[in-house]
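1. Build me a model:
(one chain, ligands or ions: 2)
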Amino acid sequence: MRTTVGIVGGGPAGLLLARLLHESGIDSVVLESRDRAYVERRQRAGILEDGTVRALRACGAGERMDREGLVHDGIELRFGRRSHRIDFPSLTGGRRVMVYAQTEVVKDLIALRLREGGPLLFEAEVRAVTGADGDRPVVHFVHEGRRQTLTCDYVVGCDGFHGVTRGAVPDGVLRTYTRDYPYSWLGILADVPPSCDELIYAHSPRGFALHSMRSPSVSRLYLQVPNGTEPDEWPDERIWDELDARFAIDGDWKLARGPITSKAVLPMRSFVAEPMRYGRVLLAGDAAHIVPPTGAKGLNLAASDVIVLARAFAHLRETGSAELLAAYSDTCLRRVWRAEHFSYFMTTTLHTDPGQSEFDTRLQLSQLDRIATSTAAATDLAENYTGLPIP
Ligand code: RFL
Ligand code: PHB
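-> Ligands and ions are numbered 1, 2, ... in the order given. Next comes the predicted model:
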């Protein structure tokens, strides 16, 4: 097989890239190791930045999002038994976010890709990418029990944190930066209308909690738990009692309970790999960087990487100049590091570290109070949360 751009991984990064390239008349092949049902069901992100929403709309993938997605104008911060709202449009010159699950974005992009004729191969497991520093990199994969190769002009690794494409960058060239956090999230889906109109990020003496949603009838909630926690240690009643305790404020507010339909524990990590390009191999999305989910940035960073990359490929096709491709890594990394810092900041300001002193807690509360009372501090949060401009 042969193509212009070989795309490893059919998550949001790979699928959006394939769509954007198609719009510019550039052919690509997407190889995805899992089956379609698995990829469409994997529970992950829920918040789309303004720039991600616009990009999905512009490439024809926004129709159902605009019908079913929930536009949010702010978030609520809870700490010290009080509640504070951060209003996004007034602080950012009109930016908002959209609650529309990653599962739905992926379903919409897969449907579009198959309608435009693919190629998108499921259960195609990439084993290695070779020839990054030559003219024709090759993707080696197994599909329907047969070993195959895909020869490309360029290969883009959109294969997530555990993918293989990053391995095409030699050890002496690749630099990685990692931070693991001493806590995880227990995430649940529940068949109950959300108890709030906007997301609630709660700092409490018992640890962090987040109230998000998937639709007017499905709630998504998270609790900070110790690393190594098994979901079985948390029967439903214990989860609701703990959420109640962490969201508690003075005044009336009640958390509605309902049947829990999914329960999973997620570790938290920050990771960056530099550079995001080596020869004719490029990395995008979680393959190059991950963030703890507290800033709602992972999916959005994956989208902004491939928006920058698709523009660079279109520029190459139109002008013959590889200048934008050469700048890809530097262009993306500046925004990536900003999102890394914001995600780290949200995480460490809202969670309770197991070794945290009373002094550390007072610093967190002071920082949260500053955000709640200073327009400058709230603006900084709102700009980062709704998403900085895509370069
Ligand atoms: P993905 O989604 O991991 O997709 C990679 C794809 O590559 C496939 N693959 C391979 N295919 C072929 N051959 C191989 N050898 C392969 N190895 C892997 C995989 O099967 C998969 O389909 O990466 P991508 O596309 O870069 O997208 C990144 C996002 O998925 C991720 O950043 C977000 O989900 C992070 N995240 C959030 N991001 C947000 O922007 N807002 C949020 O609110 C948000 N919440 C979250 C999150 C992530 C979470 N988890 C589970 C990590 C909440 C959670 C709970
Ligand atoms: C989600 O809805 O899954 C979600 C929302 C906001 C976050 C993380 C996850 O910061």
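
2. Would you pull up the residue in the stretch 1-150 of the chain closest to ligand 2?
-> Using C-beta to the nearest ligand atom, residue 46 is the residue of the stretch 1-150 of the chain that sits closest to ligand 2, at 2.4 Å. C-beta coordinates here come from the backbone N, C-alpha and C atoms, glycine included.

3. Please identify the residues of this structure in proximity to ligand 1?
-> The chain has residues 8-14, 31-34, 39, 44-47, 102, 125-126, 158-160, 163-164, 187, 266, 285-286, 293, 296-300, 302 near ligand 1, with proximity defined as C-beta under 6 Å from any ligand atom.

4. Selecting buried members of these in PyMOL, what would you type?
-> Here the buried members of those are turned into a PyMOL selection, burial being counted by 16 or more other C-beta atoms under 10 Å:
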select buried, resi 8+9+10+11+12+13+14+31+32+33+34+39+44+45+46+47+102+126+158+159+160+163+164+187+285+286+293+296+297+298+299+300+302
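
5. Compute the mean per-residue pLDDT across stretch 81-94, please.
-> On average, the pLDDT along stretch 81-94 is 97.

6. and stretch 81-94, how far from the chain's centre?
-> Taking C-alpha atoms, centre = their mean, to the nearest Å, one finds the center of stretch 81-94 at 22 Å from the center of the full chain.

7. go on, stretch 102-116?
-> Mean-position distance between stretch 102-116 and its chain equals 17 Å (C-alpha atoms, centre = their mean).

8. do stretch 360-372 as well
-> The mean C-alpha position of stretch 360-372 is separated from the chain mean by 26 Å, C-alpha atoms, centre = their mean.

9. Same check on stretch 267-279?
-> If you compare the mean C-alpha spot of stretch 267-279 with that of the full chain, they lie 14 Å apart, counting by C-alpha atoms, centre = their mean.

10. Next, the buried residues of it.
-> Buried residues in stretch 267-279, counting neighbours by 16+ other C-beta under 10 Å, are found at 268, 270, 271, 272, 273, 274, 275, 276, 277, 278, 279.

11. What strand or helix carries the fifth one?
-> Meaning residue 273. Using DSSP states H and E, residue 273 maps to strand 260-274.

12. what's near enough to touch residue 92?
-> Residue 92 makes contact with 379, 382, 383, 386, according to C-beta atoms under 8 Å, 6 or more residues apart in numbering.

13. Could you verify my assumption that residue 218 touches residue 188?
-> No - counting by C-beta atoms under 8 Å, residue 218 sits too far from residue 188 to count as a contact (10.7 Å).

14. Would you map the strands across the stretch 201-350 of the chain?
-> Along the stretch 201-350 of the chain, the stretches classed as strands by DSSP state E, counting those that start in this stretch are 209-215, 218-225, 260-274, 277-278, 281-283, 289-290.

15. wait, which of these is closest to residue 149?
-> strand 281-283 (15.1 Å; C-beta to C-beta).

16. counting contacts, what elements does the closest one pack onto?
-> In this structure, strand 281-283 makes packing contacts with strand 146-157, helix 323-350, judged by 3 or more C-beta pairs under 8 Å, 6 or more residues apart in numbering; DSSP states H and E.

17. 6 Å - rerun?
-> Other elements packing on strand 281-283 under the criterion 3 or more C-beta pairs under 6 Å, 6 or more residues apart in numbering; DSSP states H and E are strand 146-157.

18. Fine, thanks again, bye for now.
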